[in-house]
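Asker: Sequence first, predicted model second:
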Amino acid sequence: MRIRFLFSFLLCCCFTGAGASQQDDSYTLYLTRHSEKQVDDSKDPALSNAGRSRSEQLALWFKGSDIVDIWSSDYRRSRDTAAPLLSTLGLELKLYDPRDLPALASELLENRNNAVIVGHSNTTPELARLLCRCVVADMDETEYDRLIVVSISGDKTSVETLAQSSLFKR
């Protein structure tokens, strides 16, 4: 009788432990392009009024979330897009090299943290493709509204594309 009880107890512990580790394996990566930039001849333009407004809305949307890391390329428009979110969540910015997306993808997958990654029209879809190993549509130079959500749970990855403007109507 004791052996049967001990066996049942150990079996329950194994299943409970497996469930807990599966839950711990889940995290979400939010990929977005920097907000609208000023149109000028600068190689590193600031955000436009619309871009600053979009960045503030993004920060409000993520307020109270369980974001652990915020990543940005080291361009003014990307850093400025992340700034309101950093302030809202009390986090520090992590910089990445947009010319080495495989290194960033590896780090994000290794860290296993919920994170927001601010990139560019050419890097954001490419990073999503590296993370999910799936098809993700390219982003036009005039597109600022897309939020790519990469959810990872254990060995399963799913990708969802959202329009930021629909999120802000909450």
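Answerer: Sure, I can see it. Owing to the predicted nature of the structure, the values given are computational and were not obtained by experimental measurement. Numbering: from 1, shown residues only.
Asker: how far away is residue 72 from residue 118?
Answerer: 4 Å (C-beta to C-beta, to the nearest Å). Placement of C-beta: from N, CA and C, glycine included.
Asker: and what of residue 85?
Answerer: From residue 85 to residue 118 the distance is 8 Å (C-beta to C-beta).
Asker: so what sits against both of the two?
Answerer: Shared contacts of residue 85 and residue 118 (C-beta atoms under 8 Å, 6 or more residues apart in numbering): residue 70.
Asker: Could you check which of the two has the larger neighbour count?
Answerer: A count of neighbours by other C-beta atoms under 10 Å puts residue 118 above the other of residue 85 and residue 118, at 29 against 26.
Asker: For my notes, confirm that one occurs in a strand.
Answerer: Yes - under DSSP: H, G, I helix; E, B strand; the rest coil, residue 118 falls within a strand.
Asker: In contact with it, which residues are there?
Answerer: By C-beta under 8 Å, 6+ apart, residue 118 lies in contact with 32-34, 70-73, 78-79, 81-82.
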